[in-house]
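Colleague: show me the folded form of this:
(2 chains)
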Number of protein chains: 2
Amino acid sequence: MAGLKNDRFLRALLREPVDVTPVWMMRQAGRYLPEYRATRAKAGDFMALCQNPQLACEVTLQPLERYPLDAAILFSDILTIPDAMGLGLYFETGEGPCFRKKTDTAAAIDALPVLNAERDLPYVMDAVRTIRRELNGRVPLIGFSGSPWTLACYMVQGGSSKDFSKVRALAYSQPALMNNLLEKLSLSVIDYLNAQIRAGAQAVQVFDTWGGLLSGPAYEAFSLRWMQRIVDGLIREHDGRKVPVILFTKGGGQWLETMANSGCDALGLDWTTDIGHARERVGQRVALQGNMDPAMLLASPASIRDEVARILASFGHGNGHVFNLGHGITPEVDPGHAGVFIEAVHELSAAYHRG
Amino acid sequence: MAGLKNDRFLRALLREPVDVTPVWMMRQAGRYLPEYRATRAKAGDFMALCQNPQLACEVTLQPLERYPLDAAILFSDILTIPDAMGLGLYFETGEGPCFRKKTDTAAAIDALPVLNAERDLPYVMDAVRTIRRELNGRVPLIGFSGSPWTLACYMVQGGSSKDFSKVRALAYSQPALMNNLLEKLSLSVIDYLNAQIRAGAQAVQVFDTWGGLLSGPAYEAFSLRWMQRIVDGLIREHDGRKVPVILFTKGGGQWLETMANSGCDALGLDWTTDIGHARERVGQRVALQGNMDPAMLLASPASIRDEVARILASFGHGNGHVFNLGHGITPEVDPGHAGVFIEAVHELSAAYHRG
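Modeller: Residues are numbered from 1 along each chain as shown, chains lettered A, B, ... in the order given. Sure thing, here's the model as predicted:
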């Protein structure tokens, strides 16, 4: 494999010195880009795009053609795992993801297989290999998975929900049952992420989109405990280089200390958390990734630059910051504004890395 | 007016000793109760129910007939203010609240009147007076309002939204414009809550449902700053008794220290915050209200009791705790489970108030 020409992202995750703060955007290959919409139309629908390694590679690389991003992220969906387990994922317009089978009974959970990623999700591994080859060492490739709790939310609910209150209720009422499901999912996620690493992912991120819906003790019991299991089970060095692990719990700003004790390399922050305060709380244990409000990209270029400056100042001098949005970029963003954001991070951060 | 037979709620808000921890539930007059559904059917629709003081009184008292609650809360809606400003509130089935007019331009904001509550919302004041008379001193009556930021979210959006990202973007892009709107709303909320207090409300709560969508600095600028203005403008003593003010920002667990500095008497906590940790952070400045996950009411009675015990232990001995849910009770809850919750609070809390 080609040597890495830009390794700022990996260095920042390991809290090593960099020239400027690296930046990428969650959902950077997405609907705000007209070229993405064109490729998606060519693929037919969203799942067909995920399942076609050539087209998944094409959309993964699109934002890198436009912007000087410091990382690429595999184009895929967190719900590929339950789909590969046989639950029948489909997307209803305006409704989000749905499953033909719910996983809300002991029988359904018992019947669920543990994923064998190479066998069950070959299209994902093919996409990783294709993207690595096409990237040709420009920037590192990030692999990812949903967290066990987040996957369980969709599986038990049978689709999306505003608050997954039935899933929370199941966890509270029948914790042993919920933990059976979460254990199967944790083993599946470990296998899935390790397969992505072997196929070429150079860092991995666990997206815990719904951990923030839980009380503190329930977060530790049903989400963090299982992400901890994943951190413990991952390949942490591959091809002679460390493979950093990022945990991102949306709404998890109150629990950063315990998250930082998991052994992960970095924490993703949503935009509600002050990154400077977060840095004081986690100390030298982890790098931090984040955390501009994605809605700021709907504001003026001048506002975007001011906010980038504010976040850089809040983090301050020193190593261990990967700039990102606090959640995914949204379809209504002007691609020019995303460019302003990325340029501002590189330009304004240089002063924090001198000397 | 009749003397108050049960003043635990008011005493706890002022951090005075009580025999057991007082308890009420956000949205306690609501769709989980068959008698509420019957009265609502009689009224016609939700707004007709809000606008009929006799029926609003009837549903306010219904949960008190079933449970030994320590407070009543005015039955109304936070969007009565923008409705009275002429925006044309209506409810679309499955869509939530909608406005016929959006408030998303300088012209629309300039044209907006400041509320004169006695003139513009007489049905609310009539409901307060009717409820106070019918309560006859059983328990205190809580008045309430939405926070300026939360009202602005619905008004600028023209209805509900998952994340109000356009409203966040307007605040970021045009802070002066947003603050014009927020100032008018703050003056309106002050007038509205003071009118409720004069009509008989014995405590007031400001519901900041959407403050948690903001970054820390934006929360201070667009939500807390204006709630501070309200706290400063409220009648704090009426009829020879203090009128406590409760601020509740859903998702505001990271900002409790600055909220506690506003001069309010109590903070409402959603269920993601550990109440014991919150108490350490705010010290003696305020009482705390909360904070069981409402989804726990969908779990078994034994789980509900265990969770009540856990939260009581987390708060610990001493004064200043009003028990509540971390958000409103949901329609699918079995009314028997709500009863288990309320009984558990009274029974299990006695040990924390001895000696």
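Colleague: where does pLDDT dip in chain A?
Modeller: Using pLDDT under 70 as the threshold, the predicted model of chain A has low-confidence ranges A:1-2.
Colleague: around chain B, pick out the residues from it.
Modeller: A:162-163, A:165-166, A:168-169, A:172-173, A:212-219, A:251, A:253-254, A:271-274, A:277, A:293-296, A:298-300, A:303, A:307, A:310, A:326, A:330 (CB under 8 Å from any CB of the partner chain). Using the backbone N, CA and C atoms, a C-beta is placed for each residue, glycine as well.
Colleague: kindly recompute the last result at 7 Å.
Modeller: Of all the residues in chain A, those in contact range of chain B (CB under 7 Å from any CB of the partner chain) are A:165-166, A:168-169, A:172-173, A:212, A:215-216, A:251, A:253-254, A:271-274, A:293, A:295-296, A:298-300, A:303, A:330.
Colleague: quick one: the strands in chain A, in order.
Modeller: A:72-73, A:89-92, A:96-99, A:141-146, A:203-208, A:237-238, A:241-242, A:245-249, A:266-268, A:287-289, A:321-322 (DSSP state E).
Colleague: which strands border the second one, and is each parallel or antiparallel?
Modeller: Paired neighbours of strand A:89-92 in the sheet (DSSP bridges): strand A:96-99 (antiparallel).
Colleague: now swap in the last one and tell me
Modeller: Neighbouring strands of strand A:321-322 in its sheet, by DSSP bridges, are strand A:287-289 (parallel).
Colleague: the strand it pairs with: how far from the chain's middle?
Modeller: Put simply, strand A:287-289 sits 13 Å off its chain's centre (CA atoms, centre = their mean, to the nearest Å).
Colleague: buried stuff in it?
Modeller: Within strand A:287-289, the residues that count as buried by 16 or more other CB atoms under 10 Å in any protein chain shown are A:287-289.
Colleague: same thing with stretch A:160-176?
Modeller: For stretch A:160-176, burial by neighbour count (16+ other CB under 10 Å) applies to A:161, A:164-175.
Colleague: cool, and stretch A:106-120?
Modeller: Residues of stretch A:106-120 classed as buried: A:109, A:112, A:115, A:117, A:120 (neighbour count, 16+ other CB under 10 Å).
Colleague: hang on, the earlier thing: write the ChimeraX selection for whichever of the residues of chain A next to chain B are buried.
Modeller: Selecting the buried subset of these in ChimeraX, with 16+ other CB under 10 Å as the burial test, is done by:
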select /A:165,166,168,169,172,173,212,215,216,251,253,254,271,272,273,274,293,295,296,298,299,303,330
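Colleague: from A:D104, how far off is whichever residue of the stretch 51-200 of chain A sits closest to chain B?
Modeller: In the stretch 51-200 of chain A, no residue comes nearer to chain B than A:A169, which is 3.4 Å away by CB to the nearest CB. The spacing between A:A169 and A:D104, counted by CB to CB, to the nearest Å, is 11 Å.
Colleague: same question, A:L177
Modeller: 9 Å.
Colleague: and A:G94, by the same measure?
Modeller: A:G94 sits 23 Å away from A:D104 when distances are taken as CB to CB.
Colleague: compare these two (neighbour count), which wins?
Modeller: More neighbours sit around A:D104 than around the other of A:G94 and A:D104, counting by other CB atoms under 10 Å in any protein chain shown; the figures are 17 against 5.
Colleague: against A:N179, how distant is that one?
Modeller: 15 Å.
Colleague: also A:I342?
Modeller: From A:I342 over to A:N179 the distance is 41 Å, taken as CB to CB.
Colleague: which one of those two is surrounded by more residues?
Modeller: Looking at A:I342 and A:N179 with other CB under 10 Å, you find the greater number of neighbours at A:I342, namely 22 against 19.
Colleague: excluding its backbone neighbours, what's nearest the more buried one?
Modeller: For A:I342, the nearest residue in space outside its immediate sequence neighbours is A:Y67; the separation is 4.7 Å by CB to CB, 6 or more residues apart in numbering or on different chains.
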